[in-house]
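**Student:** fold the stuff below for me.
(one chain, ligands or ions: 3)
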Amino acid sequence: MPSTVLVGAQWGDEGKGKITDLISRDFDYVVRYQGGNNAGHTVIHGDKKLALHLIPSGVMYPDITPVIGNGVVVDPHVLTDEMAKLKAQGISCDKLVISCDAHIIMPYHIDLDGAEEKRLGKNEIGTTRRGIGPCYQDKAARTGIRIQDLLDEHIFRQKLETALSFKNPLLEKIYDLPPYTVDQICEEYLPYAEIIRPHMAETAQLLNTALAQGKNILFEGAQATLLDIDHGTYPFVTSSSCCAGGACIGTGVGPKKIDRVIGISKAYITRVGSGPFPTELFDETGEKLCEIGGEFGVTTGRRRRTGWFDAVIARYAADCNSLTDMALTKLDVLDSFETIKVCVGYESGGKVYDHFPMQQSVLYPKHVTPVYEELPGWNQDITGCRTFEELPENAQRYVEYLEEKVGVPMSIIAVGPDRDQTIFRGWDS
Ligand code: GDP
Ligand code: IMO
Ligand code: MG
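**Tutor:** Ligands and ions are numbered 1, 2, ... in the order given. Here you go, the predicted structure:
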């Protein structure tokens with residue numbers, strides 16, 4: 001398939017890194033289109049384990065060109081650090097391309113992210129405090145600073161001066177934080193220009209030309225459908241367009257050029273940060289999912305909240321992203337559960353919803369009772385299975401049941417974190 005979008009179908013951390021890395025070999029370009037270093041994508045192959053935050057997960061293949069698209073927000077410190085860490089592991093970033101139009105995360109964005117969370121107190125969003133929201137705020141306000149601005153010190157200084165004339169009073173007067181000087185930031189940021197300059201390009205043209213030449217492109221989503229600024233559980237979302245449509249916005253490749261959209265879902269569901277979560281488990285079953293699934297954030301180390309698979313959310317994700325396929329990950333985490341529940345609707349105020357409700361307040365624990373269907377577990381280690389037929393009958397039934405509830409073929413099933421712990425099912429690369 002010439003162009004494929006890979007998108008999180010839940011609240012993030014579904015295993016996008018693993019699946020991107022796994023299918024990357026079929027592609028010439030792997031492109032990040034939104035988010036920034038709020039993402040934490042784990043890639044494991046053999047004895048190599050990488051936690052990637054900004055660089056696309058296709059970087060492990062020397063023939064692939066990894067691209068950071070215009071929709072991404074780039075912290076140059078994190079970028080250069082990640083490039084150095086990869087190099088130290090013998091992975092080259094020489095082919096990395098960075099859009100000249102991507103916005104730069106500035107030090108005041110990081111300060112403001114933390115300060116705003118503190119101000120919100122118990123109503124905090126639970127952000128990663130990486131400056132993501134404030135950077136996208138400036139982008140929308142048309143006061144952001146872009147990668148290409150690093151090329152011209154005069155322009156960079158001018159834009160910084162304009163930004164600081166507003167940011168400094170905000171930092172000092174509202175949040176009681178120290179201000180910045182233009183010189184101070186220039187001293188830190190301008191040296192990054194020398195490292196980034198050879199990687200900079202007008203990536204919309206690069207990618208459209210590549211497609212015209214018959215090359216294959218994989219768009220690697222970060223965060224997920226329910227963290228999307230428009231389609232997620234607002235305001236408990238991130239500040240970018242994580243859904244498949246974001247791949248067009250964040251790269252300049254038009255929608256008619258997208259051939260396939262793969263949604264990644266865990267065989268259960270997790271969420272890190274605040275916000276509604278109808279199937280959240282507060283008991284020992286939730287603890288068990290967390291423990292077996294190793295559910296701790298790759299970026300912040302926070303414990304992820306856990307719950308049963310939510311088919312209402314999965315169907316919503318199928319619609320919002322036009323999913324053609326699903327990849328179901330972490331099926332092995334359910335190996336030791338006697339029975340497994342799947343949420344097929346929400347009961348609230350005497351009404352049953354089989355779709356996402358109009359009012360989000362319906363989704364909060366005090367209002368909602370998930371409608372569950374229960375399936376038998378398989379009580380067997382499936383991490384060694386490599387074909388669908390090798391899976392125990394109840395595991396096969398579980399996958400087929402989810403497929404029927406969601407209405408999208410589950411073409412990839414992951415039974416462990418390694419590249420080879422994967423089952424392809426009717427997958428046509
Ligand atoms: P991403 O943000 O969507 O890329 O996901 P993360 O990397 O944040 O979290 C997914 C975690 O699950 C990582 O630790 C992966 O190594 C791990 N993982 C991915 N697929 C599987 C799987 O099928 N089984 C198990 N046990 N772990 C998996
Ligand atoms: P990957 O790509 C899970 C969550 C944060 C918070 C909200 C807003 O690894 O799946 P932000 O820092 O973006 O302003 O935080 O979004 N969040 C993620 N949750 N996985 C992620 O990325 C996330 N990136 C942001 O926890 O609730
Ligand atoms: Mg993650």
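
**Student:** for ligand 2, what is the nearest residue in the chain?
**Tutor:** residue 273 (2.1 Å; C-beta to the nearest ligand atom). The C-beta positions use only the backbone N, C-alpha and C, and glycine is treated the same way.

**Student:** shouldn't that residue be in contact with residue 127?
**Tutor:** Yes. Applying C-beta atoms under 8 Å as the test, residue 273 and residue 127 come out as touching, 6.9 Å apart.

**Student:** what's around residue 202, how many residues?
**Tutor:** For residue 202, the neighbour count with other C-beta atoms under 10 Å is 14.

**Student:** what's the closest non-adjacent residue to it?
**Tutor:** Spatial nearest neighbour of residue 202, chain neighbours left out: residue 100 (5.9 Å); criterion: C-beta to C-beta, 6 or more residues apart in numbering.

**Student:** the one you found and residue 411, how far apart?
**Tutor:** The gap separating residue 100 from residue 411 is 36 Å, by C-beta to C-beta, to the nearest Å.

**Student:** before we move on, what about residue 20?
**Tutor:** 15 Å.

**Student:** for residue 202, give me the pLDDT.
**Tutor:** On the pLDDT scale, residue 202 is placed at 97.

**Student:** which ones are touching it?
**Tutor:** 99, 100, 101 (C-beta atoms under 8 Å, 6 or more residues apart in numbering).

**Student:** among those residues, which are located in strands?
**Tutor:** Within the contacts of residue 202, residues falling in strands by DSSP state E are residue 99.

**Student:** return the list of strands paired to the lengthiest strand in the chain, each annotated with direction.
**Tutor:** Criterion DSSP E: the longest strand present in the chain is strand 339-348. Strand 339-348 has the following strand partners under DSSP bridges: strand 309-310 (parallel), strand 351-353 (antiparallel), strand 369-376 (antiparallel).

**Student:** between those strands, which has the poorest mean confidence score?
**Tutor:** Across the strands paired with strand 339-348, strand 351-353 gives the lowest mean pLDDT, at a mean of 93.

**Student:** quick check: residue 304 touching residue 291?
**Tutor:** No. If you go by C-beta under 8 Å, residue 304 and residue 291 don't touch, sitting 11.3 Å apart.

**Student:** which of the two has more residues huddled nearby?
**Tutor:** residue 304 (19 against 12).

**Student:** what's the neighbour count on the residue nearest to residue 202?
**Tutor:** Quick note: residue 100 (other C-beta under 10 Å) scores 18 neighbours.

**Student:** next one: residue 207
**Tutor:** So residue 207, with other C-beta under 10 Å, has 26 neighbours.

**Student:** show me what contacts the residue in the stretch 151-300 of the chain that ligand 3 sits nearest to?
**Tutor:** Among the residues of the stretch 151-300 of the chain, residue 298 lies closest to ligand 3, at 4.7 Å counting by C-beta to the ion. The contact partners of residue 298, taken as C-beta under 8 Å, 6+ apart, are 13, 40, 41, 42, 51.

**Student:** filter the residues you listed down to the ones close to ligand 1.
**Tutor:** Counting by C-beta under 6 Å from any ligand atom, 13, 40, 41, 42 from those sit close to ligand 1.

**Student:** which residues touch the second one?
**Tutor:** Looking back up the chat, that one is residue 40. 13, 51, 52, 53, 297, 298, 299.

**Student:** and the fourth one, how far is that from residue 88?
**Tutor:** In this structure, residue 53 and residue 88 are separated by 16 Å, where distance is defined by C-beta to C-beta.

**Student:** of the two, who's got more company?
**Tutor:** residue 53 (21 against 8).

**Student:** ok, back up a step: pull out the buried residues from the contacts of residue 298.
**Tutor:** Neighbour counting by 16 or more other C-beta atoms under 10 Å classes 13, 40, 41, 42 among the contacts of residue 298 as buried.

**Student:** got TSV for those residues, with pLDDT too?
**Tutor:** Below are the buried ones among the contacts of residue 298 laid out as TSV (pLDDT from 0 to 100):
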residue	pLDDT
13	97
40	95
41	95
42	94
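
**Student:** nearest to residue 33, of those?
**Tutor:** Proximity of the buried ones among the contacts of residue 298 to residue 33 (C-beta to C-beta) peaks at residue 41, which lies at 13.6 Å.

**Student:** got the phi/psi numbers for the closest residue to that closest one other than its chain neighbours?
**Tutor:** Leaving out its chain neighbours, the residue that sits closest to residue 41 by C-beta to C-beta, 6+ apart is residue 17, at 2.9 Å. Reported as degrees, to the nearest 10, the phi and psi values for residue 17 are phi -60, psi -50.

**Student:** which residues touch residue 17?
**Tutor:** Per C-beta under 8 Å, 6+ apart, neighbours of residue 17: 41, 42, 43, 52, 57.

**Student:** distance of it from ligand 3?
**Tutor:** 7 Å (C-beta to the ion, to the nearest Å).

**Student:** for residue 333, same thing?
**Tutor:** 15 Å.

**Student:** now do the same for that residue: its pLDDT.
**Tutor:** Confidence score, pLDDT, at residue 333: 98.

**Student:** OK, contacts around residue 86?
**Tutor:** Residue 86 touches 50, 55, 59, 92, 93, counting by C-beta under 8 Å, 6+ apart.

**Student:** excluding residues flanking it in the chain, which one is nearest the first one?
**Tutor:** The shortest distance from residue 50 to any residue that is not its chain neighbour, by C-beta to C-beta, 6+ apart, is 4.7 Å, and that residue is residue 43.
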